[in-house]
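Enquirer: turn this into a model:
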Amino acid sequence: EKERNQISSNAELGTVYWTIKEAITKAIGEGLNLSLHDIEISSDEKKSSYKVDFSTKVAESLPYESSSFEITNKKFQNYALSYCEIKTEDGK
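Expert: Take a look at the predicted model:
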């Protein structure tokens, strides 16, 4: 619901959130086998940063904390590109 409210006031953000969710599912090796509804993205537009949260069902099965996901998003012309890196305790 929170995402829906943010997207309704900023259509471009919907594309950005989609690319972020897709990058996350690929980073964890699930691809689009994981429902995008189980991933919630929130943004701080002033800092150009994004936060990831998972549904309880998904969070319990992941070996990573939500804070482990580092998201990079680039927007240019009519495109959005997102990259997800998973930071582990050893920094890799």
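
Enquirer: ramachandran coordinates for the closest residue to Lys75 other than its chain neighbours?
Expert: Spatial nearest neighbour of Lys75, chain neighbours left out: Val16 (6.9 Å); criterion: CB to CB, 6 or more residues apart in numbering. Glycine gets a C-beta too; all of them are placed from N, C-alpha and C. Main-chain dihedrals, Val16, degrees, to the nearest 10: phi -60, psi -50.

Enquirer: do you know how far Val16 is from Glu40?
Expert: 14 Å (CB to CB, to the nearest Å).

Enquirer: equivalent analysis for Ile24, please.
Expert: In terms of CB to CB, Ile24 sits 11 Å off from Glu40.

Enquirer: do Ala59 as well
Expert: Ala59 is 11 Å from Glu40, by CB to CB.

Enquirer: of the two, who's got more company?
Expert: The neighbour comparison of Ala59 against Glu40 (other CB atoms under 10 Å) goes to Glu40, with 17 against 13.

Enquirer: in stretch 18-28, which residues are buried?
Expert: By neighbour count on 16 or more other CB atoms under 10 Å, the buried set for stretch 18-28 is 19-25, 27-28.

Enquirer: kindly report the same for stretch 70-88.
Expert: Buried, per 16+ other CB under 10 Å, within stretch 70-88: 71, 73, 80, 82, 84.

Enquirer: stretch 54-65 now?
Expert: Of the residues in stretch 54-65, 54, 58 count as buried by neighbour count, 16+ other CB under 10 Å.
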